[in-house]
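Chemist: can't give you the sequence, but here's the structure:
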């Protein structure tokens with residue numbers, strides 16, 4: 001399970017930043033590059049507290065329409081670039097979005113995705129179009145090819161080390177055809 005400890009992960013204080021967010025309440029939409037991904041705060045960094053974590057693909061977004069890029073049929077290679085480029089066309093999983101809006105407002109909502117940061121603008125536009133509730137979006141850095149579960153485990157550990165209390169995690173039970 002990616003929300004449990006998956007091995008030694010870098011502590012959150014070892015960061016390469018685009019914008020340093022050392023105090024809660026930083027600027028809206030600020031992005032920071034940490035060794036465990038690219039973290040984008042919707043309305044500034046929040047003080048540690050209770051957190052619920054949601055995956056995007058297969059949980060909030062229905063990625064079934066993109067799976068053909070990864071099926072490898074006819075000897076074709078998996079086309080990860082096209083798979084991720086098409087993320088803006090995903091339909092919303094309405095039930096999960098409703099659940100997000102029903103959660104206690106004191107809970108911080110973290111969207112943790114293995115999508116690469118080069119689809120960040122499409123992802124943010126998708127979140128806005130469907131009015132998805134979120135506080136922190138964590139995406140995979142470009143050219144990071146570790147398994148999604150390892151990336152997500154390192155992020156979960158970094159959140160915990162930073163003092164956030166992970167309460168719930170929602171992830172897809174079936175894999176994206178072949179984990180990347």
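Modeler: Received it, and whenever you're ready, just let me know what you need. Owing to the predicted nature of the structure, the values given are computational and were not obtained by experimental measurement.
Chemist: Helix or strand: which one has the residue sitting nearest the centre point of the chain?
Modeler: Nearest to the mean C-alpha position of the chain, by Cα atoms, centre = their mean, lies residue 112 at 2.0 Å. Assigned by DSSP states H and E, residue 112 belongs to strand 108-116.
Chemist: and residue 161, backbone torsions?
Modeler: Here is the backbone geometry of residue 161 (degrees, to the nearest 10): phi -60, psi -30.
Chemist: For the residue lying farthest from the centre of the chain, give me the pLDDT.
Modeler: Distance to the chain centre peaks in the chain at residue 74, reaching 31.5 Å (criterion: Cα atoms, centre = their mean). Turning to residue 74, the model gives it a pLDDT of 73.
Chemist: quick one: it is in a helix?
Modeler: Yes: assessed with DSSP: H, G, I helix; E, B strand; the rest coil, residue 74 lies in a helix.
Chemist: Next up, the contacts around it.
Modeler: By Cβ atoms under 8 Å, 6 or more residues apart in numbering, no residues touch residue 74. C-beta here means a position set from N, CA and C on the backbone, and glycine is covered the same way.
Chemist: Which strand residues bridge the residue nearest to the centre of the chain?
Modeler: Per DSSP bridges, the residues bridged to residue 112 are residue 138.
Chemist: Run a quick neighbour tally on residue 157.
Modeler: 22 (other Cβ atoms under 10 Å).
Chemist: that older thread, distance-wise, check the residue farthest from the centre of the chain relative to residue 68.
Modeler: Counting by Cβ to Cβ, to the nearest Å, the gap from residue 74 to residue 68 is 11 Å.
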